[in-house]
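# have a look at this prediction, sequence included:
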Amino acid sequence: MGLPLTPPSSPPLPFMSPEKSPGSSVVREQRIRISNKHGEYLVGLLHQACSKNLVILCHGFRATKDDSILVDFVSALTREGINAFRFDFSGNGESEGQFQYGNYRREADDLRSVVSYFTEQKYNIIGLVGHSKGGNAVLLYASMYHDIPVIVNISGRFALERGIDGRLGKNFMQRIKKDGYIDVRNRKGEFEYRVTEESLKDRLSTDTLLSSRSISKDCRVLTIHGSKDEIVPVQDALMFAANIQNHKLHIIEEANHRYTGHEKELTTLVLDFIKSQHHFSSSLRPKL
């Protein structure tokens with residue numbers, strides 16, 4: 001369960017710097033730490049607009065809450081009077097914990113701690129948005145908890161057994177069984193992170209097909225993918241569309257994994273989908 005820095009009876013940390021949005025509403029930025037189930041603090045930024053509606057934003061693999069894609073979403077949401085919270089998963093950015101290669105279920109657990117915290121703070125959580133591996137986190141969360149009405153999966157990977165050799169090299173399974181780990185280095189030969197056999201098994205044992213089919217039909221899911229995604233094939237988006245009950249798919253033509261040159265289209269699609277939730281009734285709401 002999420003815990004504020006200060007005692008439960010006190011509000012979270014005071015906001016850092018108020019600024020005016022184009023709609024003349026005051027947006028306050030709060031740096032908040034939330035304890036996950038492992039006792040690690042997750043660090044995030046709450047951008048407070050003029051309502052209690054909240055969207056939680058999740059970064060991708062080896063990224064942080066400061067990813068420009070998430071920052072763009074913050075600006076769009078707060079202009080519409082919707083609060084936004086972006087945070088670092090454990091082992092990433094400013095959050096505590098050790099970085100792990102797999103961690104799919106653990107990131108869903110981190111997200112659960114964040115949802116619980118803001119539910120206790122009486123926010124109305126209307127959506128979860130995730131990019132890349134963050135897309136997998138929000139979908140996995142939806143398959144486990146059935147309490148958020150809108151999920152947006154941007155460039156998430158369906159076939160988790162693919163793409164591994166691109167990071168770990170050929171014959172990665174034999175090498176990791178022999179040594180127990182593989183150290184990933186950049187093009188300069190500098191160490192970046194260690195992949196253990198346990199973390200690799202976590203990824204390979206995460207059943208995306210089962211979790212996709214376990215998402216409630218009352219949950220509206222949007223998958224966005226670039227047709228020229230060089231990291232995750234666009235076919236993965238088609239697999240999500242084929243296995244999630246209440247699903248909408250949008251392919252952005254010519255867009256890569258980062259949506260370079262298509263940022264405005266991406267932001268507009270996400271915002272319009274979230275705003276359309278106001279026209280639908282949903283029984284999915286977080287409960288304490």
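Cool, got the structure. Numbers count the residues shown, from 1 in each chain.
# where does the stretch 51-200 of the chain dip in pLDDT?
For the stretch 51-200 of the chain, no stretch has pLDDT under 70.
# how about the strands in it?
Secondary structure of the stretch 51-200 of the chain by DSSP state E, counting those that start in this stretch: the strands cover 53-58, 83-87, 124-131, 150-154, 181-185, 191-196.
# burial of the nearest residue to S214 once chain neighbours are set aside, as a residue count?
Closest residue in space to S214, ignoring its immediate chain neighbours: S143 at 4.0 Å, by Cβ to Cβ, 6 or more residues apart in numbering. Just so you know, the C-beta spots here come from the backbone N, C-alpha and C atoms, and that holds for glycine as well. Counted with other Cβ atoms under 10 Å, the neighbours of S143 add up to 21.
# mind checking how far S143 is from L54?
21 Å (Cβ to Cβ, to the nearest Å).
# G166 too?
Distance from G166 to L54, by Cβ to Cβ: 35 Å.
# buried set for the longest strand anywhere in the chain?
Counting residues, the longest strand in the chain under DSSP state E turns out to be strand 26-35. Using 16 or more other Cβ atoms under 10 Å as the test for burial, strand 26-35 gives V27, R28, Q30, I32, R33, I34, S35.
# per-residue pLDDT, the fourth one?
I32 is assigned a pLDDT of 97 by the prediction.
# spell out the residue ranges of the helices in the chain.
68-79, 104-120, 133-145, 164-168, 172-179, 197-204, 208-213, 235-243, 263-275 (DSSP state H).
# kindly export the third one (C-alpha atoms) in PDB.
Coordinates of each C-alpha in helix 133-145 appear next as PDB, following Å, rounded to 0.1, in the frame of the first residue of the first chain:
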ATOM      1  CA  LYS A 133       7.400  -1.800 -21.300                       C
ATOM      2  CA  GLY A 134       5.100   0.600 -19.400                       C
ATOM      3  CA  GLY A 135       2.400  -0.500 -21.800                       C
ATOM      4  CA  ASN A 136       2.900  -4.100 -20.600                       C
ATOM      5  CA  ALA A 137       2.800  -2.900 -17.000                       C
ATOM      6  CA  VAL A 138      -0.600  -1.200 -17.400                       C
ATOM      7  CA  LEU A 139      -2.100  -4.100 -19.300                       C
ATOM      8  CA  LEU A 140      -0.800  -6.600 -16.700                       C
ATOM      9  CA  TYR A 141      -2.300  -4.400 -14.000                       C
ATOM     10  CA  ALA A 142      -5.600  -4.400 -15.700                       C
ATOM     11  CA  SER A 143      -5.600  -8.200 -16.000                       C
ATOM     12  CA  MET A 144      -5.000  -8.500 -12.300                       C
ATOM     13  CA  TYR A 145      -7.100  -5.900 -10.600                       C
END
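# many thanks, I have nothing further to ask.
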